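Student: Quick one, fold the following:
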Amino acid sequence: MTSILKAFPDLLSAALLLALWAEPQRFGIQWFRSGVLALMLEFFVIHAGGFMAVTVQDPEATPRARMLRLAGWSTGYLLFISLFALGFDAWWMVAAFAWFCFSKVQAIWTGAPPTERDRAHAVTSWALSVAVFLGSVFATVMYDVPQLGATPDVRDAAGFNAKGGVWEAEPHRALAGAVLYFTLMGLSRPILARAFAVRRAAG
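Tutor: Have a look, this model is predicted:
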């Protein structure tokens, strides 16, 4: 049951983004705009996740050191994201970044002193997130993706440029990429957690 719960944050993110893609008018244009930028924000979360996987899950670190490292990385990246939030006048980015980070950390956090297998789990989870991110972006940029509710009128109302980059001109692709990414990552969490739990039990 615990391993299944690790899937919940990513699947919840996927469900929300799917709803924004399908019915953006129901939630409001600002929510739609935020959803389109979610995958860009996840890029920074993945970047932070790599450092966290190696340093926070260090078997030789004390619990205090682990918490300090986690707090340090989180604070540094939150400050970095705050600059983006200030530039875009979009402070939701800070809360969204914190939520995405929570999704990553809870998926690999055991509460017990980490072992080399725990660090391997964290690194494997991070590497998988990189591969799934790149695959999701590639697939939804290169292949046909339904617009659903993300029509040109909605795009224009959200302030995206029809002559801009692919995610601006066709924001449904960014939402599709985010839905695909978070769904695949959510489904992979219990599998990874279970696999490494078995390895831990086997010694």
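
Student: Going by C-alpha atoms from here, please, whenever you check contacts or count neighbours.
Tutor: OK.

Student: pretty sure Phe97 is touching Val45, no?
Tutor: Yes. Contact status for Phe97 versus Val45: in contact at 6.9 Å, counting by CA atoms under 8 Å.

Student: Those two: who's more crowded?
Tutor: Neighbours were counted for Phe97 and for Val45 using other CA atoms under 10 Å; Val45 has more, 24 against 21.

Student: Contact partners for that one?
Tutor: By CA atoms under 8 Å, 6 or more residues apart in numbering, Val45 lies in contact with Phe97, Phe100, Cys101.

Student: Look up how far Met93 lies from it.
Tutor: Counting by CA to CA, to the nearest Å, the separation of Val45 from Met93 is 11 Å.

Student: and Met93, how far is that from Gly135?
Tutor: Distance of Met93 to Gly135, computed by CA to CA: 24 Å.

Student: Which one of the two is surrounded by more residues?
Tutor: Between Met93 and Gly135, Met93 has the larger neighbour count (other CA under 10 Å), namely 22 against 15.

Student: what's the helix or strand for that one?
Tutor: helix 92-108 (DSSP states H and E).

Student: Then Leu175?
Tutor: Secondary structure from DSSP H and E places Leu175 in helix 171-202.

Student: Tell me if I'm right that Val54 and His121 touch.
Tutor: No. Using CA under 8 Å, Val54 makes no contact with His121, being 10.3 Å away.

Student: Those two: which has the busier surroundings?
Tutor: A direct count of neighbours by other CA under 10 Å for Val54 and His121 places His121 higher, at 22 against 15.

Student: Low-confidence bits of the protein, can you list those?
Tutor: Applying pLDDT under 70 to the chain flags residues 1-3, 56-57, 105-114, 197-203.

Student: Double-check Val179 against Ala19; I have them as touching.
Tutor: No. Taking contacts as CA under 8 Å, Val179 lies outside contact range of Ala19: 9.7 Å.

Student: of those two, who's got more company?
Tutor: Between Val179 and Ala19, counted using other CA under 10 Å, the more crowded position is Val179 (26 against 18).

Student: what's the helix or strand for the closest residue to the more buried one other than its chain neighbours?
Tutor: Once flanking residues are discounted, Val179 sits nearest to Ala14: 4.6 Å by CA to CA, 6 or more residues apart in numbering. Using DSSP H and E, Ala14 sits within helix 8-22.
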